[in-house]
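Peer 1: Model the structure of this input:
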Amino acid sequence: MNDSIIILMLGVSIFLGALALFGIMWAIKTGQFDDKEKFLNQVQFDGTEELNDAAEQQAKKAELKKRKEDYRPE
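Peer 2: Numbering: from 1, shown residues only. Down below sits the predicted model:
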C-alpha cells in the first residue's frame, strides 16, 4: 500500500473515533442515559411482599449502621 493511503485511513479513523467520543460525552452531559421515570414506574408494579422485603432490608441496614457506630474496640 501507498503511504498516503495508510495516512488517510489513520486520519479518518482518528476523526471518527474522536467524533464518537465527543458524541458519548455530549450524551452523558445532557442526561441522555438518565431514566428518571424508572423508579416511579417500578413502584406501580411492586406488590406488598416486595415492599415488606424492602422495608426489612432497610431496617437491617440501619441496625448494622447503628452497631457499627456504637462499636468501640478495647
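Peer 1: Quick check: longest helix in the chain by residues?
Peer 2: The residue-count maximum for a helix in the chain (DSSP state H) belongs to helix 3-29.
Peer 1: Now for residue 41, how many residues are close by?
Peer 2: Counted with other Cβ atoms under 10 Å, residues neighbouring residue 41 total 9. Where C-beta positions appear, they are placed from N, C-alpha and C, glycine not excepted.
Peer 1: Could you check how far it is from residue 11?
Peer 2: Using Cβ to Cβ, to the nearest Å, residue 41 is found at 46 Å from residue 11.
Peer 1: Name the next helix or strand downstream of the lowest-mean-pLDDT helix or strand in the chain, please.
Peer 2: Scoring the helices and strands of the chain by mean pLDDT, DSSP states H and E places helix 38-44 at the bottom, with a mean of 70. The element immediately downstream of helix 38-44 (helix or strand, assigned by DSSP states H and E) is helix 48-70.
Peer 1: tell me the SS of residue 31?
Peer 2: In three-state terms, and counting by DSSP: H, G, I helix; E, B strand; the rest coil, residue 31 is coil.
Peer 1: Make 324 the first number, not 1, from now on.
Peer 2: All right, first residue 324 from here; so that's residue 354.
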